[in-house]
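[1] Just to be clear, the model below is a prediction. Sequence and coordinates:
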Amino acid sequence: MSDSLITIVAIFLAAILMFVFPLMSIAERSDDIAELTAQTAVSEFVDTTRSAGKITINDYSTMVSALEATGNTFDIEIEVKVLDENVGKKSAWTNGTVIGENIYYSVYTSQIMNYLADTSGSDAGTYLMKEGDIISVSAKNSNQTLAQTIRGIFYSIAGNGNYQIAAQASGLVSATGSN
């Protein structure tokens with residue numbers, strides 16, 4: 001009886017080693033490639049908008065298409081920190097060498113999407129930025145990948161807050177946008 005039990009355990013371990021671990025390795029590799037693609041898409045979006053000084057619906061759609069090409073769904077967060085030029089004192093604020101504190105206020109994804117959805121006026125589908133603003137974009141997958149599922153089975157990692165694929169980029173806007 002003990003020989004048959006050892007044989008069954010050996011067959012079970014062999015099946016795990018032959019099928020599950022290679023599958024897990026391939027799934028992890030797939031997630032690595034998806035993360036690289038996501039990082040490239042987010043970085044290109046930030047660089048394009050940073051150098052143009054504006055976020056356009058076409059640039060945003062290009063990034064979303066590149067992210068969707070990975071086969072995953074993503075939560076995209078955009079934050080633009082707008083440089084407030086109101087010094088608060090009577091002075092000529094004509095150059096960037098004024099000594100004092102730079103004050104930024106933030107504009108978030110929902111506000112920017114309202115600008116991009118607006119189809120009226122000369123700024124249709126565009127969010128304009130100015131030199132000195134800071135743009136930050138992050139994308140995290142919101143679906144569960146095969147690697148996450150397998151890892152969850154073996155390591156008992158559970159929860160809605162887990163993500164496998166993440167990309168983020170930020171930069172200082174170098175041009176004032178105009179239409």
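    Perfect, I can see it now.

[2] Going by C-alpha atoms from here, please, whenever you check contacts or count neighbours.
    Noted.

[3] after the lengthiest helix in the chain, next one along is what?
    Using DSSP state H to define each element, the chain has its longest helix at helix 21-52. Using DSSP states H and E, the next helix or strand after helix 21-52 towards the C-terminus is strand 54-56.

[4] Okay, buried residues for that next one please.
    The neighbour-count check on strand 54-56 (16 or more other CA atoms under 10 Å) flags 54-56 as buried.

[5] repeat for stretch 57-72
    57, 59-60, 62-64, 67, 70, 72.

[6] Likewise for stretch 22-39?
    Going by neighbour count (16+ other CA under 10 Å), the buried part of stretch 22-39 is 23-24, 27-28, 30-31, 34-39.

[7] Redo those residues as a markdown table? Include pLDDT and distance to residue 49.
    As requested, the buried residues of stretch 22-39 are exported to a markdown table (pLDDT from 0 to 100; distance: CA to CA, whole Å):
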| residue | pLDDT | distance to residue 49 |
| --- | --- | --- |
| 23 | 85 | 39 |
| 24 | 84 | 37 |
| 27 | 88 | 33 |
| 28 | 88 | 32 |
| 30 | 91 | 29 |
| 31 | 90 | 27 |
| 34 | 93 | 23 |
| 35 | 93 | 21 |
| 36 | 95 | 20 |
| 37 | 95 | 18 |
| 38 | 95 | 17 |
| 39 | 96 | 15 |
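
[8] Can you pick out the most distant pair from those residues?
    23 and 39 (24.3 Å; CA to CA).

[9] Would you map the strands across the protein?
    For the chain, the strands defined by DSSP state E occupy 54-56, 74-84, 103-108, 126-128, 134-141, 166-172.

[10] which residues touch stretch 110-130?
    53-57, 78, 82, 173-179 (CA atoms under 8 Å, 6 or more residues apart in numbering).
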